[in-house]
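# Quick one: sequence plus predicted model below, questions after.
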Amino acid sequence: MTRHDSTEDTPLAYASTLNTFQENFLAEQEPKTDQEIFERLCYFPNQVLLETSSYCNLNCTMCARQFQPRSWGKMEESLALRVIDEVLTGAPWVRIWFCYFGEPLVSKKLGLYKRIRYAKDRGLKRAAINTNGTLLDERAVRDLLDAGLDEIYIGIDAITKETYESIRLGGKFATVMDNIHRLIQLAGDRIQITVQFAELKENQHELEAFKEYWSHQPVQVYIRPKVTWLNSLEDEVNAPPSLRHACAWLFDSININENGNVPFCICDWRGQQVHGNVREESIFAIWQKKIVPYLVAHAAGDWPKLPDFCRSCPDWQTKKPRNLEVIRLFAGRDPLSGEADVQLQ
């Protein structure tokens, strides 16, 4: 597996962004000192993934959806707007992704544009979606622009029709490429566009050509190693356990399923451990009381305190921790002090 980034003592393959032309939003909005970043993360993360709907129109080989992990559905309008209100009242700095484990543009008739516009009108600084691009026709682009979308990630994972259509089953390579180039033309600099390449055995031979092609376009290029979704798929990185560090996915965000459940982490696609439901309790309470203690356990390397599925998960090796000093501050925190006052399950 190609190595894209590393720390001094952890020479692993990590997700990375190339051809950047805007300052990283998360870095831009963070406090200036490690202590302030730590205190904010104890209060709430930088990102919320709001699953407008969990339906998808493709059956990609690297996606855990193929195992039909849970029933699919759409988030009720009243619940979505309530979560947006709560988040923006308490944490106006966040980036909200209007998607999680589904294709967001499937839900363009289920409230996607309205929810983005609603959040932007209430002061959201960064609205984002991650899409497969197959439904990104001209009407969708114009509606996203009108709604105020700031950022879009498009998963392609190939530079040829043969490889693309063998990985993203049900997709048409020509359609996606046409849609992306139309998006570039219509959006100009109003939306930050990022094309994504998930490294797999099946597509590694196209990585350099992918980077070369898109380096000549006004887009960012996001490369990430294969995520196993808690060991649901084969691990293709295979880092030795001795290199294990705190998982950046857990520190990065809080995600909400379409039914209001908050699963263990972004990789917990089937909800093996649900922290709570935003219909019944505050999203801030769920983060502070249910999730922060696991951040402490990760930071301290106290792996026995983690659930079995988390302890054995290899996905920590695919994303670099953003701030090692903040991790060290979590390692010294009492997980039962302050707001994080419940014991690990």
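Yep, it's here.

# pLDDT value on residue 336, please?
Here, the pLDDT recorded for residue 336 equals 47.

# and residue 236, that's in a strand?
No: read with DSSP: H, G, I helix; E, B strand; the rest coil, residue 236 is coil and lies in no strand.

# close enough to count as contact, it and residue 201?
Yes: judged on C-beta atoms under 8 Å, residue 236 makes contact with residue 201 at a distance of 6.1 Å. In this view, the C-beta of every residue, glycine as well, is placed from N, C-alpha and C.

# Just want to know which of those two has more residues nearby.
Ranked by neighbour count (other C-beta atoms under 10 Å), residue 236 and residue 201 place residue 236 first, with 18 against 10.

# got the contact list for the more buried one?
1, 199-201, 225-226 (C-beta atoms under 8 Å, 6 or more residues apart in numbering).

# hey, where'd the helices end up in the stretch 1-150 of the chain?
Secondary structure of the stretch 1-150 of the chain, counting by DSSP state H, counting those that start in this stretch: helices at 25-29, 34-43, 77-90, 112-121, 138-147.

# right, and the ones you listed - which one's nearest residue 304?
Residue 304 lies closest to helix 34-43 among these, at 22.7 Å (C-beta to C-beta).

# got any ranges where the stretch 1-150 of the chain has weak pLDDT?
In the predicted model, the stretch 1-150 of the chain carries pLDDT under 70 at residues 1-11, 21-24, 26, 69, 109.

# hmm, 90 instead?
1-32, 52-54, 64-73, 101, 107-111 (pLDDT under 90).

# Just send the helices of the stretch 1-150 of the chain back as a markdown table, with distance to residue 304 too.
Formatted as a markdown table, the helices of the stretch 1-150 of the chain follow (distance: least, C-beta to C-beta, whole Å):
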| stretch | distance to residue 304 |
| --- | --- |
| helix 25-29 | 31 |
| helix 34-43 | 23 |
| helix 77-90 | 33 |
| helix 112-121 | 40 |
| helix 138-147 | 45 |
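
# so which of the contacts of residue 236 is the most crowded?
In terms of neighbour count, residue 225 stands highest of these at 26 neighbours, by other C-beta under 10 Å.

# For residue 93, which non-adjacent residue is spatially closest?
Spatial nearest neighbour of residue 93, chain neighbours left out: residue 29 (4.7 Å); criterion: C-beta to C-beta, 6 or more residues apart in numbering.

# Residue 84 too?
Ranked by C-beta to C-beta, 6+ apart and with sequence neighbours excluded, the top spatial neighbour of residue 84 is residue 119, at 4.9 Å.

# on that earlier part again, give the contact list for the residue nearest to residue 93.
Here residue 29 is in contact with 46, 93, 125 (criterion: C-beta under 8 Å, 6+ apart).

# Could you measure from the first one over to residue 28?
Meaning residue 46. Distance, residue 46 to residue 28, using C-beta to C-beta, to the nearest Å: 11 Å.

# again with the last one
Noted for residue 125: a distance of 9 Å to residue 28, by C-beta to C-beta.

# more crowded one of those two?
Neighbour totals were compared for residue 125 and residue 28, and residue 125 leads with 16 against 11 (other C-beta under 10 Å).

# wait, that one sits on residue 93?
Yes: contact criterion C-beta under 8 Å: residue 125 and residue 93 qualify, at 6.8 Å.

# element containing residue 262, please.
strand 261-263 (DSSP states H and E).

# Spell out, range by range, the strands that occur in the stretch 51-200 of the chain.
Counting by DSSP state E, counting those that start in this stretch, the segments of the stretch 51-200 of the chain that form strands are 95-97, 126-131, 151-155, 192-199.

# between the ones you listed, which one is nearest to residue 287?
strand 95-97 (14.5 Å).

# List the strands paired with the closest one, with their directions.
strand 47-50 (parallel), strand 126-131 (parallel) (DSSP bridges).

# okay, the last one in PDB with CA atoms only?
When you say that, I think you mean strand 126-131. Output in PDB follows, covering the C-alpha atoms of strand 126-131 (Å, rounded to 0.1, in the frame of the first residue of the first chain):
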ATOM      1  CA  ARG A 126     -19.600  24.800   6.300                       C
ATOM      2  CA  ALA A 127     -22.200  22.600   4.600                       C
ATOM      3  CA  ALA A 128     -20.900  19.500   2.900                       C
ATOM      4  CA  ILE A 129     -21.900  16.300   1.200                       C
ATOM      5  CA  ASN A 130     -20.100  13.200   0.000                       C
ATOM      6  CA  THR A 131     -21.700  11.700  -3.100                       C
END
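
# Please consider this matter closed, and thank you.
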